[in-house]
Structures are given as C-alpha cells and as structure tokens.
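# have a look at this prediction, sequence included:
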Amino acid sequence: MIKSANKYTLSEVFPIDKDIKYVIPKYQREYTWNKDNWEELFNDIQESQGDHFIGSLICVDKSSDAYQLTELEIVDGQQRLTTISLLFAAIYQCLNEKKTPDDMDLNNELYNLKYRLIQRTGENEFKLELSHQNSNANDYKSILRDIGVISFNNDSLNKGNRRIYKAFRYFLSRLENFSLEELRKILSEINRVLIVKIEVNSHSDAFVLFESLNNRGVPLSAIDLIKNKLLAELEKRENITIDDAFEKWKKIIEYLPEYSVQERFLRHFYNAYKSDSAVKVDGISKATRSNLIKIFETLIERDAEDTFNKMYDKSRIYHDLLSPEEENFVIPEELDKELIDLVNVKAAPSYALLLFLFSLEDKKKDVEFFRKTIIFLMKYFIRRNITDFPNTRNLDQIFIDLIEEMTSDPSKISYEFISEFLSHKDKISSLENFKEKLNGDLYDLNVDATRFVLSKIEEVNRTKETFTDFWQKDKSNKLIWTIEHIFPEGNNIPKSWVDMIADGDRAEAKKAQEEFVHKLGNLTLTGFNQSLSNFDFERKRDRKDKKQMFIGYKNKLFLNEDLKDKNKWTVDDIKERTNRLIDLTLEVFKLEGEK
C-alpha cells in the first residue's frame with residue numbers, strides 16, 4: 001500500500017536539481033487557508049529554534065517512466081504546499097528588489113529559489129500545479145509572472161480579491177520591512193521545515209491511509225510531557241503522594257479543558273511571572289511553543305512543588321478570565337460582562353497582563369480599575385484585530401514589556417499607565433488606519449472581528465424590548481446568530497439579484513459582488529441564515545417564521561433600521577450604509593482623547 005514514507009525538509013520537497021511535480025487534481029477543493037493559517041505558519045517558522053514540523057503529505061505516484069519527471073498527485077496537503085509556494089514567491093520578490101549585479105551570493109539564492117517554484121527543464125513548468133477551482137491555477141501563474149519567474153498572458157479578472165493573491169500579499173506585508181539578512185534567515189528556516197511525505201501507488205490506497213491517519217489518536221503533547229515530568233519529580237521527592245498530585249493536576253485540566261488553552265496558559269504563566277527569580281529561566285526571555293518544555297523541565301527540576309502550587313493557583317485565575325459565565329474562583333463576578341466581551345473579541349494575548357494584575361493582593365478587589373482596564377483592552381484588540389497592527393508575533397512582547405515596567409516600578413500599576421503605554425503609536429494603529437480598514441472587505445479580512453463590531457453596534461443602540469444575546473449557542477455549541485450578507489456571496493448569483501444590482505448584466509453583477517459583498521454596509525446579523533439564503537431582497541426583508549414572527553430585516557434590530565423600509569438594494573445603498581456603520585463603529589470603539 002505505502003510505497004515510501006519519509007521525513008523531508010521543504011528544500012527536499014521542492015528540490016532545485018530534481019524534476020518533481022506536485023499536482024492538485026480537479027476534484028480537490030479550492031485553496032481555503034485564511035489569515036489565521038498564514039499567520040500561524042509564519043510565526044511558528046520565525047519562532048522555531050531548530051527544525052519545525054508542519055505535518056504530513058499524502059500523494060499518489062503517477063509516474064510511469066523513471067527517466068521522466070516525477071509527478072505526484074496530492075491527496076492531502078494541498079493547503080500547506082500552496083501556502084509554502086506563495087511564501088517562497090513573496091520572499092523571491094523581496095530578495096529580487098534588493099538585488100545588485102555584483103552580489104553573486106544573492107543572485108545564486110534567487111536562482112535556487114526560482115527553481116523551487118518551477119522546473120529547470122522547461123519554461124513555465126511548475127513544481128506545484130494548483131487546482132483550477134475558483135481560478136486558483138491562473139491566479140498562481142499571475143503571481144509567478146508578476147515576480148518575474150515565468151511568462152504568462154492569460155490574466156484573470158478580479159484576481160486581487162481572491163484568496164491566492166490575498167495570501168501572497170499577506171506574506172509581502174510581513175516581509176516588506178525585513179533586511180536582506182533577515183530575508184535570508186527566514187528563507188533558511190523555511191527550507192529546514194520538516195514534513196512527512198507518504199507516497200502510495202493508487203487512489204484507493206491514499207484514501208484508506210488518509211482515513212486511518214485522521215481517525216488515529218493524537219501523539220503526546222507538550223502538556224502531557226510536562227505533566228509526566230512533574231508527577232515523576234513529585235513522586236521522587238515524596239513531598240506529595242502521587243495520587244494527591246494527580247488529583248490536583250486533574251483540577252488544572254478541569255479549569256482549562258482544551259489543549260490549546262493549556263498550552264497558552266503555560267506560556268502566559270511564564271511571561272507574566274518571569275520577573276520572579278523562582279520562575280525566570282536563564283537565556284529565555286519569552287515562552288514560545290518551541291521552548292515550553294525546556295522552561296517547565298527547568299522549573300520542575302528547580303522546585304517541583306512550588307511550581308505545581310503556582311500553576312494550580314494561577315490556573316484558577318485563567319479559568320475565570322476565559323469562562324466568566326461559569327463559577328468564579330478568584331475574579332469578582334461584577335466583571336463578568338467585560339470579560340465576556342474580552343473573550344468574544346479574542347484578546348488572548350492580554351491574558352498574561354491580567355494574570356499578573358489579578359495576582360496582586362492590593363488590586364484584587366479594585367473592580368473599577370479592572371473594569372476600565374478590560375474595556376480598554378477590548379477596544380485595543382478590536383482595532384488590532386481589524387488593522388493587524390501590531391503584528392501578532394509582537395503582541396506577547398508588548399505585554400511582557402508592560403508587565404516588566406510595572407514590576408520594576410509598582411507605582412505604574414494603574415489604568416492610566418496601562419492605557420498610555422498601549423496607546424503609543426508603535427503599539428496601536430491610528431484611528432485613520434482603523435477607519436480605512438473598516439471601509440475595506442471587512443468580512444473577508446476578519447469574520448470574528450466583523451461579527452463583534454456588528455454585535456456591539458446593536459448592543460449600544462438597542463432598547464430593552466429588543467434585547468438579544470448574540471453569543472447564544474445551540475446544542476452543538478455553534479453560535480445561533482451569524483453574519484448575513486444582504487447581497488448574497490455565493491458563486492451563482494440569483495437572477496433577481498443580477499437584475500437589481502446590475503440591470504441584468506451577470507458579469508457586472510459578479511464584479512460588484514467581488515468588490516462590495518464583504519463590505520460592512522452589506523452585512524447584518526441573523527439567527528436564521530439558512531432561512532434567508534439567496535432569496536431576493538424583498539423576501540429577505542419580509543421573511544417570517546412558522547409563528548408569523550419577522551425573522552428578516554423587519555425583526556426590529558437596530559442594525560436593520562435602514563433595511564426594513566427599502567424596496568431594493570444597490571451598490572449605492574451598500575456604500576451609504578457602510579459609511580453610516582463605520583461612524584457608529586468609531587463612536588463605540590474610539591479611545592479616550594480621540595476625536
């Protein structure tokens with residue numbers, strides 16, 4: 001069944017001196033990775049100390065002649081390979097802009113990088129052939145043409161609004177301020193990234209293997225390894241029975257049940273308290289995924305019981321930060337509403353700061369100090385999440401620096417200092433840039449932030465009789481209220497919408513969709529998204545449920561006040577409502593002193 005299964009570096013997966021081609025077949029879905037995926041991959045590569053593993057690649061060997069090009073059809077792994085290729089392309093462009101005729105080393109690097117993207121044996125022959133779904137292949141070719149790697153004339157319309165180009169531009173934005181030395185360093189780190197490539201002889205073998213891998217248990221995590229080390233050390237020192245220690249560990253897991261939360265807690269634990277000599281590990285200024293085990297192995301060997309007690313105590317604070325709607329162990333219940341907002345706005349990097357602050361005995365009961373601080377953090381993170389400034393990888397360091405400032409000078413532990421520190425221009429985007437991003441394709445930029453903006457606009461402007469819990473979940477733990485596109489976002493635009501938006505011109509309607517469908521003004525919230533679907537505007541507006549209650553745009557939401565009396569929906573309507581909602585957003589989220 002398995003022809004070969006080996007661990008490779010990406011420099012071996014995309015070799016310079018070997019004719020190998022990866023083909024994404026037509027039945028594969030289009031490229032779907034988004035900013036969160038691009039960001040996580042880039043940050044993990046940057047922060048890795050040594051080789052970084054990104055998973056497996058399953059492919060069918062389609063080659064028939066050992067002397068010809070090796071063609072591998074991708075069954076699993078197209079998202080990773082496509083993303084890496086786009087990152088290679090972005091680095092190529094950035095390096096090429098710094099090229100000088102006499103820099104032979106750089107010219108050699110560009111030559112090598114070019115042939116990680118295309119074959120040396122044939123003009124316009126690629127190392128990776130993308131799916132033709134949603135113009136993926138043409139968009140990719142256009143990018144390689146734009147950076148000077150191939151010639152290509154068949155440009156595709158509106159390519160800049162699709163995901164392939166957005167991924168490429170995202171990586172360019174991350175690399176634009178890199179020096180030549182930093183570009184070479186990140187390229188070297190990418191080439192060392194590890195992937196397991198599994199080759200099989202047939203599609204049936206590939207799919208059997210794919211199902212087997214996806215149904216198998218996960219390997220030991222960093223949390224498991226730290227737990228094993230901790231319990232073994234406690235048993236060895238006989239300070240606590242292994243049964244008592246295990247029960248206490250189970251409590252930590254109950255407070256923080258998800259693996260990703262456990263890992264983040266351990267990183268924030270170190271980053272919040274590393275000024276304490278009992279927690280500080282020499283040579284490690286910040287906890288990351290790659291050094292987490294080393295940090296806690298050191299702390300456990302230093303004093304296992306003290307480390308365990310601190311982890312237990314702080315896990316209770318962390319639980320309250322993440323689950324304010326549940327039983328509170330440490331944090332006052334009066335702060336639940338503000339903390340729920342902080343959870344919903346996805347302000348996780350700020351939890352290191354709050355972990356530090358809620359450990360201060362003289363501050364624990366100062367509800368007003370925490371309320372003001374948490375509201376500020378909510379506003380800070382909605383702006384950060386929409387503008388993408390500061391960069392995600394810099395956020396931990398910003399909060400570490402803030403904690404260290406307050407640790408070295410306790411008089412700075414105040415709302416005024418925290419807000420002033422985080423309001424500095426190198427730590428928060430300007431109001432003008434925030435407004436510019438709000439005027440862009442907001443939904444496509446950040447769905448969660450868009451939903452939060454809409455919900456807060458409604459919350460601030462609603463009346464008591466229209467109270468709605470937009471964060472309510474169903475039995476499957478999915479949000480009931482979701483974002484509704486007024487002008488539908490699907491590929492097949494209904495005829496009624498083509499007529500309304502573009503006077504029957506389908507090409508013009510498609511162009512309008514790509515430009516305006518994800519604008520803030522084309523979005524609202526609904527608890528009945530499937531009931532509205534691709535209906536024409538009037539049916540969406542007047543839709544009722546079985547009890548004859550309005551579930552369309554006449555549902556009394558403040559967000560729908562400018563929709564309920566309209567008879568049509570046009571591009572001009574989207575522009576006008578976008579401007580109105582932007583003004584409301586700025587009013588809700590502006591910081592003190594901003595006009």
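Arrived safely, thanks for sending.
# for stretch 174-191, which residues meet the burial criterion?
By 16 or more other Cβ atoms under 10 Å, the buried positions in stretch 174-191 come out as 174-175, 178, 183-184, 186-187, 189-191. In short, each C-beta sits where N, CA and C put it, glycine included.
# mind checking pLDDT for residue 177?
Per-residue confidence (pLDDT) for residue 177: 89.
# specify the local secondary structure of it.
coil (DSSP: H, G, I helix; E, B strand; the rest coil).
# now the phi/psi pair for it, please.
phi -100, psi 10 (degrees, to the nearest 10).
# shaky segments in the chain?
Within the chain, the set of residues satisfying pLDDT under 70 comprises 1, 26-28, 49-51, 63-68, 122-124, 156-157, 203-204, 206-221, 463-467, 529-533.
# ok, which stretches of the stretch 51-200 of the chain are helices?
Listed from the start of the chain, the stretch 51-200 of the chain has helices (DSSP state H, counting those that start in this stretch) covering 78-97, 104-117, 136-146, 163-175, 180-192.
# quick one: which of those helices is nearest residue 576?
For the helices of the stretch 51-200 of the chain, the distance to residue 576 is smallest for helix 163-175, at 26.4 Å, taking Cβ to Cβ.
# show me which positions of that closest one end up buried.
Neighbour-count burial for helix 163-175, counted by 16+ other Cβ under 10 Å, picks out 163-168, 170-172, 174-175.
# need these in CSV (columns: distance to residue 510).
Shown next, in CSV, are the buried residues of helix 163-175 (distance: Cβ to Cβ, whole Å):
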residue, distance to residue 510
163, 16
164, 18
165, 17
166, 18
167, 22
168, 22
170, 24
171, 27
172, 26
174, 31
175, 32
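# so which of the helices of the stretch 51-200 of the chain comes closest to residue 342?
So among the helices of the stretch 51-200 of the chain, helix 163-175 is nearest, using Cβ to Cβ, at 25.9 Å.
# can you give me the distance of the residue lying farthest from the centre of the chain to residue 246?
Centroid-distance maximum for the chain: residue 238 at 43.5 Å, with Cα atoms, centre = their mean. Distance, residue 238 to residue 246, by Cβ to Cβ, to the nearest Å: 15 Å.
# how near is the residue lying closest to residue 271 once chain neighbours are set aside to residue 403?
Closest residue in space to residue 271, ignoring its immediate chain neighbours: residue 352 at 4.7 Å, by Cβ to Cβ, 6 or more residues apart in numbering. Here the criterion is Cβ to Cβ. By it, residue 352 lies 7 Å from residue 403.
# who has more neighbours out of these two?
Remark: of residue 352 and residue 403, residue 352 carries more neighbours, 26 against 21, as counted by other Cβ atoms under 10 Å.
# I'd say that one and residue 268 touch.
Yes - judged on Cβ atoms under 8 Å, residue 352 makes contact with residue 268 at a distance of 4.1 Å.
# who are the contact partners of residue 253?
By Cβ atoms under 8 Å, 6 or more residues apart in numbering, the residues touching residue 253 are residue 262.
# over to it: give its phi and psi.
According to degrees, to the nearest 10, residue 253 has phi -70, psi -30.
# any idea how far residue 591 is from it?
For residue 253, the distance to residue 591 - Cβ to Cβ - is 38 Å.
# next one: residue 231
46 Å.
# got it, and residue 125?
In terms of Cβ to Cβ, residue 125 sits 53 Å off from residue 591.
# picking that back up, where's the residue nearest to residue 271, which helix or strand?
helix 351-357 (DSSP states H and E).
# elements contacting that helix?
Helices and strands touching helix 351-357, by 3 or more Cβ pairs under 8 Å, 6 or more residues apart in numbering; DSSP states H and E, are helix 259-273, helix 292-322, helix 367-387, helix 392-408.
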